[in-house]
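**Student:** Generate coordinates for the sequence data below:
(chains A and B)
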Amino acid sequence: MQTRSFDPSRALRFDLPRGSVHSASDERMLLLPVDALNELFQAAAPGVVEALGERIGRSFGQRIVARFGSIDEVRQAPLETFISQLAGELAVSGFGIAHLERWGRAMVIAIEEAAVSDHLLASVIDTAVETASGREVWCTPIMRDEQTARFFMSSQSAVFRVRQWIDDGMPWGAALSRLHERRVHGEDS
Amino acid sequence: MNVQDRIAKLNSLLLRVTSRPRRQSPGDPPRAAMNAILDANFAAPAKNEEPEEVFADDLSSEEATTTTAAAAEAALGEHVSNVLTLEGHTAPSSEISSEVRPAPVIGTSPGAQSDGSIEVTIDVDPDSVVVKAAAEPRYDSSERLVAAPKAQDQVMNLPEPLPPMRPESFSETIAVDDLDIVEEIPDDEEPPASSRRPVTSAGEQLEQIAFSDEAPRQPPRHTPPPESGRLPAAPLVEFDADVTGVREALPIDEAPTGDLTSRQLPEAADSSGQDVDELLARDMTTPPSNREPMPSIDTAIEDEEPIVSHVELSAVVTHAALEPGTSVAEFSGTVNRFEPASFGDLLDASLSL
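**Tutor:** Numbering: from 1, shown residues only, chains lettered A, B, ... in the order given. The predicted structure is shown next:
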């Protein structure tokens, strides 16, 4: 079944007599203030935040795969279809608006109006894509301003190199360009 | 025979003479006085000796007794002189006078007492007197005393007087008016004896420093100290102004009142017939308040005239005649644009980076 757009109907189901919130996959949800959650993340250890993000992203990926029917269908889906499903999951949960940017061969997920920290978002996106595609994917934040936060998604080695270059002061666009230059020289040789 | 033997012999002779009866003549010296003298000086040895054995052969008769008395008087005089000499009474003069006063009479003859005195005069040569101190028992020293020479001879043998200690040059008086240091300094002054370095004259040093291309032969610190007084003036040498570039400035009263700029210099130099350097020097002497303001750049460019000191270079460009529209570049193929068909293609492409 081809899913071209995200259908937000019945994404959340509030059972007011019971006082509960359930997702489309009948998973109980909890609505929390963002500030309280960020204070918790600030006080919590990095491993705790990463584990929480992985748990949230895995739920997103499983629902995307459920909509597409299988991982192969997800991989064969157009970019707009996939990003629509991922962005719908992030938007329904309140993380922000997601875009997919293609910088040459590099795939970059941009989140506008992000509600949580980059560390939590990177963990959520990484696990969601990895769960939906069935491939091991590494993600690292490369830039953030008042409006947008960008995350580069690639292999482990590529993510570490870009992270190292950015930490050394290289602009994120230059780091991505340098990543392509090394690949071109490797192919030529 | 030593002195004691001789004295003892004389004593015995005198005793023998005095012990015999004899007529007293008026010219003879009183016998008692002679005995007193002998007793006072030689009493001990005279009384203990026996004269018979010594003079047994010589004195045997009455005539011999008379001659013996005369000889005794002569011997007595000699003995007295010796005694006086031994006692240190030798007079500095050659004549010795001795006065014998009457002594108490030891003999038994009452007629022998007399109030007369004996006066003995002996000529003694001081040079010939040799005192043998060992002969006298009162002197412990056995050294032989030698009389000193006469003082007159010592004075005569004095060395000649020493020459005067002050050199003759000190006695000379130097007149200050005669000293003219500047004129009297010779050019070829000899170096002092204590210095081995040659001393060059001031004139040669000045000439060497001023006109020689080489460095001075001696370092300045080895040169002698400057002489006091006037320094000789350096010789007047005319330098070529074209070579050195140093020229005398004009007096202030002769300097022009107007301003001379670099652009006006050639014209002013041509009109006045003076050198450019002279005009520059004249410009330096002019007060800034009297100078005219500098012309603006536009005015200077419009009134551009040939400049002597600064030459402006401008490039003459020759453009190439190129025909536009010629296809220089040739493109083959198109840009390989990555257009992933699906999410999986993009994910694989990103993972391949």
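
**Student:** Can you pull the residues of chain B lying near chain A?
**Tutor:** B:338, B:340-344, B:346-347, B:349-353 (Cβ under 8 Å from any Cβ of the partner chain). Placement of C-beta: from N, CA and C, glycine included.

**Student:** among those residues, who's most crowded?
**Tutor:** Sorting those by how many neighbours each has (other Cβ atoms under 10 Å in any protein chain shown) puts B:F343 first, at 26 neighbours.

**Student:** how about the residues of chain A near chain B?
**Tutor:** So chain A meets chain B at A:74-79, A:81-83, A:100, A:102, A:104-107, A:129, A:133, A:135, A:137, A:153-155, A:158, A:179-180, A:183 (Cβ under 8 Å from any Cβ).

**Student:** Find the nearest non-adjacent residue to A:A115, please.
**Tutor:** A:V34 (4.8 Å; Cβ to Cβ, 6 or more residues apart in numbering or on different chains).

**Student:** okay, that neighbour: pLDDT?
**Tutor:** Looking at A:V34, its pLDDT stands at 91.

**Student:** how close does it sit to B:F211?
**Tutor:** Here the criterion is Cβ to Cβ, to the nearest Å. By it, A:V34 lies 99 Å from B:F211.

**Student:** Check B:V243 too.
**Tutor:** 14 Å.

**Student:** By proximity to chain B, which residue of chain A wins?
**Tutor:** Residue nearest to chain B within chain A (Cβ to the nearest Cβ): A:R75, separated by 3.1 Å.

**Student:** Check which element follows the longest helix seen in chain A along the chain.
**Tutor:** If you go by DSSP state H, chain A has its longest helix at helix A:46-68. On the C-terminal side of helix A:46-68, the closest following helix or strand by DSSP states H and E is helix A:71-76.

**Student:** Pull out the buried positions in that following helix.
**Tutor:** Judged by neighbour count (16 or more other Cβ atoms under 10 Å in any protein chain shown), helix A:71-76 contains these buried residues: A:I71, A:E73, A:V74, A:R75, A:Q76.

**Student:** quick revisit: which one of B:V243 and B:F211 has more residues nearby?
**Tutor:** B:F211 (10 against 7).

**Student:** tell me the pLDDT at that one?
**Tutor:** Taking B:F211 on its own, its pLDDT is 79.

**Student:** Please identify the helix or strand for the most centrally placed residue in chain A.
**Tutor:** With distances taken as Cα atoms, centre = their mean, the residue of chain A nearest its centroid is A:I125 (1.9 Å). Using DSSP H and E, A:I125 sits in helix A:118-133.

**Student:** so what's the residue in chain B that chain A sits nearest to closest to, chain neighbours aside?
**Tutor:** Proximity of chain B to chain A (Cβ to the nearest Cβ) peaks at B:G344, 3.1 Å away. In space, and not counting its chain neighbours, B:G344 is closest to A:R75: 3.1 Å by Cβ to Cβ, 6+ apart.

**Student:** surely that neighbour meets A:V129?
**Tutor:** No. In this structure A:R75 lies outside contact range of A:V129 using Cβ atoms under 8 Å: 10.9 Å.

**Student:** Find residues that contact each of the two.
**Tutor:** Contact criterion Cβ atoms under 8 Å, 6 or more residues apart in numbering or on different chains; residues shared by A:R75 and A:V129: B:L347.

**Student:** quick one on the thing from earlier: now the residue of chain A closest to chain B: how far from A:P8?
**Tutor:** Counting by Cβ to Cβ - A:R75 and A:P8 are separated by 24 Å.

**Student:** again with A:A106
**Tutor:** 29 Å.

**Student:** And these two? Which one has more around it.
**Tutor:** A:A106 (22 against 12).

**Student:** Contact partners for the residue of chain B closest to chain A?
**Tutor:** A:V74, A:R75, A:Q76, A:A77, A:S133.

**Student:** and the residues you listed as JSON lines, adding pLDDT?
**Tutor:** Putting the contacts of B:G344 into JSON lines (pLDDT from 0 to 100) gives the following:
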{"residue": "A:V74", "pLDDT": "93"}
{"residue": "A:R75", "pLDDT": "93"}
{"residue": "A:Q76", "pLDDT": "93"}
{"residue": "A:A77", "pLDDT": "93"}
{"residue": "A:S133", "pLDDT": "94"}
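
**Student:** And the strands in chain A, which stretches?
**Tutor:** Using DSSP state E, the strands found in chain A span residues A:12-15, A:20-23, A:28-29, A:97-103, A:106-112, A:138-144, A:148-154.

**Student:** which of the ones you listed sits most buried?
**Tutor:** Mean neighbour count (mean count of other Cβ atoms under 10 Å in any protein chain shown) peaks for strand A:148-154 among the strands of chain A, with a mean of 23.

**Student:** Note down every partner strand of that one and its orientation.
**Tutor:** Looking at strand A:148-154 with DSSP bridges, its partner strands are strand A:106-112 (antiparallel), strand A:138-144 (antiparallel).

**Student:** other SSEs contacting the longest helix of chain A?
**Tutor:** helix A:71-76, helix A:79-93, helix A:118-133 (3 or more Cβ pairs under 8 Å, 6 or more residues apart in numbering or on different chains; DSSP states H and E).

**Student:** try 10 Å
**Tutor:** Secondary-structure packing of helix A:46-68 (3 or more Cβ pairs under 10 Å, 6 or more residues apart in numbering or on different chains; DSSP states H and E): helix A:34-43, helix A:71-76, helix A:79-93, helix A:118-133.

**Student:** from the middle of its chain, how far away would stretch A:36-43 be?
**Tutor:** 20 Å (Cα atoms, centre = their mean, to the nearest Å).

**Student:** just to revisit the earlier point, ok, the residue nearest to the centre of chain A to A:I83 distance?
**Tutor:** Distance from A:I125 to A:I83, by Cβ to Cβ: 11 Å.

**Student:** okay, and the common contacts of these two?
**Tutor:** A:A98, A:I109 (Cβ atoms under 10 Å, 6 or more residues apart in numbering or on different chains).

**Student:** where are the low-confidence patches of the stretch 1-150 of chain B?
**Tutor:** B:1, B:21-146, B:148-150 (pLDDT under 70).

**Student:** thinking again about what came up before, distance from the longest helix of chain A to the middle of the chain?
**Tutor:** 9 Å.

**Student:** Just the angle for it relative to strand A:138-144, thanks.
**Tutor:** With axes from the mean of the first three to the mean of the last three Cα atoms, to 10 degrees as the basis, helix A:46-68 and strand A:138-144 are set at 100 degrees to each other.

**Student:** Now do helix A:46-68, average pLDDT.
**Tutor:** 92.

**Student:** That one vs helix A:79-93, what angle?
**Tutor:** 120 degrees.

**Student:** quick one: contacts for the closest residue to A:F6 other than its chain neighbours?
**Tutor:** With Cβ to Cβ, 6+ apart as the criterion, A:F6 has its nearest non-adjacent residue at 2.8 Å, and that residue is A:G88. A:G88 makes contacts with A:T3, A:S5, A:F6, A:D7, A:P8, A:A11, A:F60, A:R63, A:I64, A:R67, A:A98, as judged by Cβ under 10 Å, 6+ apart.

**Student:** Kindly report the same for A:G134.
**Tutor:** A:G61, A:V65, A:S70, A:I71, A:D72, A:V74, A:R75, B:G344.

**Student:** related to what we said a few turns ago, just name the closest of the contacts of A:G88 to B:A147, please.
**Tutor:** Of all the contacts of A:G88, A:A98 has the smallest distance to B:A147: 158.3 Å, by Cβ to Cβ.

**Student:** now that closest one: how far from B:T244?
**Tutor:** Counting by Cβ to Cβ, the gap from A:A98 to B:T244 is 89 Å.

**Student:** picking up where we left off before, got the residues of chain B next to chain A as TSV, with secondary structure and distance to B:V237 columns?
**Tutor:** Converted to TSV, the residues of chain B next to chain A look like this (DSSP: H, G, I helix; E, B strand; the rest coil; distance: Cβ to Cβ, whole Å):
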residue	secondary structure	distance to B:V237
B:F338	coil	91
B:P340	coil	97
B:A341	coil	102
B:S342	coil	104
B:F343	helix	102
B:G344	helix	103
B:L346	helix	97
B:L347	helix	99
B:A349	helix	94
B:S350	helix	93
B:L351	helix	95
B:S352	coil	93
B:L353	coil	88
